[in-house]
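> Have a look; sequence and predicted model below, questions after that.
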Amino acid sequence: MQQDQTTNEKLAINTVKKGIALNVFLVIAKFSAGIFGHSAALISDAVDSASDIFSNLIVMAGIKISNKASDMEHQYGHERMECVASIIMSAILAIAGIGIGFAGVQKILHFSAEGKIAVPDTVTLAVALFAIASKETMYWYARGVAKKINSGALLADALHHRNDALTSVGSLIGISGAMLGYPIFDPLAAIAICLMIIKGAYDVFTDAIDRMVDRSCDEETVEKMQELIAAQNGVDHVDKLQTRIFGSRVYVDVEISADDHLTLVEAHAIAENIHEKIEEHFPEVKHCMVHINPCSETHHNF
């Protein structure tokens, strides 16, 4: 288990590092093209990419800390540090989004006063197209890794890449509109990007909170667990099944009814088998606690 956890951590960290490298390149490309190509939308997009680098570093720190082994002061591990990383990341996203929206509003007010806005150059269009393609590719890659290792923080980072692709779509629309003779489209796109970023921040925040308050697994997962447990030898029926998400991992508590006349060794074997089957079929489960009730106790028969 510890080896798998170490492997997952390395895979997650390498994925985040690739995201950082891409974001550094995009910041330079977007800022340069935005300034010299006269695009407020692309400059706003560059600010978003710059905030992504700090977000990536926070996610990386969260993953490293959350994978630390249990100790005397943290006997259930450190998985919830991923949630903390996600919450900090959502705050950075929201602040960046508000800043971008403010800059867009200022440019619209300037247009109202002066009656003109500089039209973006063709290079800004090319940079926006590259940003969309690269970020969408990074989204699918990070999402695949996050699903594989069940990392909430990495999944939030993947969604961040998708939001970045959408913000670049906004830049593309704004730049295209401005080049077609509607310069107001560029700052309007910056405001639209602001709203998308804030929405993304809200989604990351709510997911992290759900993971911190012991939200149960989804209904489909619980039903599959119940079917697996009921199919094991010695299980008469399942009395109770409770799950709770703890950071990126899951804890399971189950009560089953079994024959009254089982020996302690036989009852223990049934419980141990259920424990192993749940952890084998559901890799996200960190621990499964099994309690066995005698069938004769009718108040256990639901």
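Nice, I can see it. Residues are numbered from 1 along each chain as shown.
> So for this protein, which residue is the most central one in space?
Closest to where the C-alpha atoms of the chain average out (C-alpha atoms, centre = their mean) is residue 156, at 2.0 Å.
> Strands of the chain, residue ranges please.
Counting by DSSP state E, the chain has strands at residues 237-246, 249-258, 285-294.
> got the ones you listed as a markdown table, with distance to residue 266, mean neighbour count and mean pLDDT columns?
For every residue, glycine as well, the C-beta is placed using N, CA and C. Converted to a markdown table, the strands of the chain look like this (distance: least, C-beta to C-beta, whole Å; neighbours: other C-beta atoms under 10 Å; pLDDT from 0 to 100):
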| stretch | distance to residue 266 | mean neighbour count | mean pLDDT |
| --- | --- | --- | --- |
| strand 237-246 | 17 | 17 | 84 |
| strand 249-258 | 9 | 20 | 86 |
| strand 285-294 | 10 | 17 | 86 |
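> For residue 274, which of those strands is the nearest?
Distance to residue 274, taken as C-beta to C-beta, is lowest for strand 285-294 among the strands of the chain, at 4.9 Å.
> The strands of the chain into JSON lines, with extra columns for distance to residue 129?
Shown next, in JSON lines, are these (distance: least, C-beta to C-beta, whole Å):
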{"stretch": "strand 237-246", "distance to residue 129": "39"}
{"stretch": "strand 249-258", "distance to residue 129": "40"}
{"stretch": "strand 285-294", "distance to residue 129": "43"}
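> Show me where the stretch 201-302 of the chain dips below the pLDDT cut-off.
For the stretch 201-302 of the chain, the stretches with pLDDT under 70 are 211, 213-214, 247-248, 298-302.
> and if we set it to 50?
Residues of the stretch 201-302 of the chain meeting the criterion pLDDT under 50: 301-302.
> related to what we said a few turns ago, could you check the pLDDT of the residue nearest to the centre of the chain?
Per-residue pLDDT puts residue 156 at 73.
> from now on call the first residue 8
Got it, first residue is 8 now, which makes that one residue 163.
> does it really touch residue 96, like I thought?
Yes: using C-beta atoms under 8 Å, residue 163 is in contact with residue 96, at 6.4 Å.
> quick one: common contacting residues for these two?
The contact sets of residue 163 and residue 96 overlap at 66, 211 (C-beta atoms under 8 Å, 6 or more residues apart in numbering).
> residues in contact with residue 245?
233, 236-237, 261-264.
> What of residue 110?
Counting by C-beta under 8 Å, 6+ apart, residue 110 touches 47, 50-51, 54, 197.
> can you tell me how far residue 226 sits from residue 165?
For residue 226, the distance to residue 165 equals 24 Å [C-beta to C-beta, to the nearest Å].
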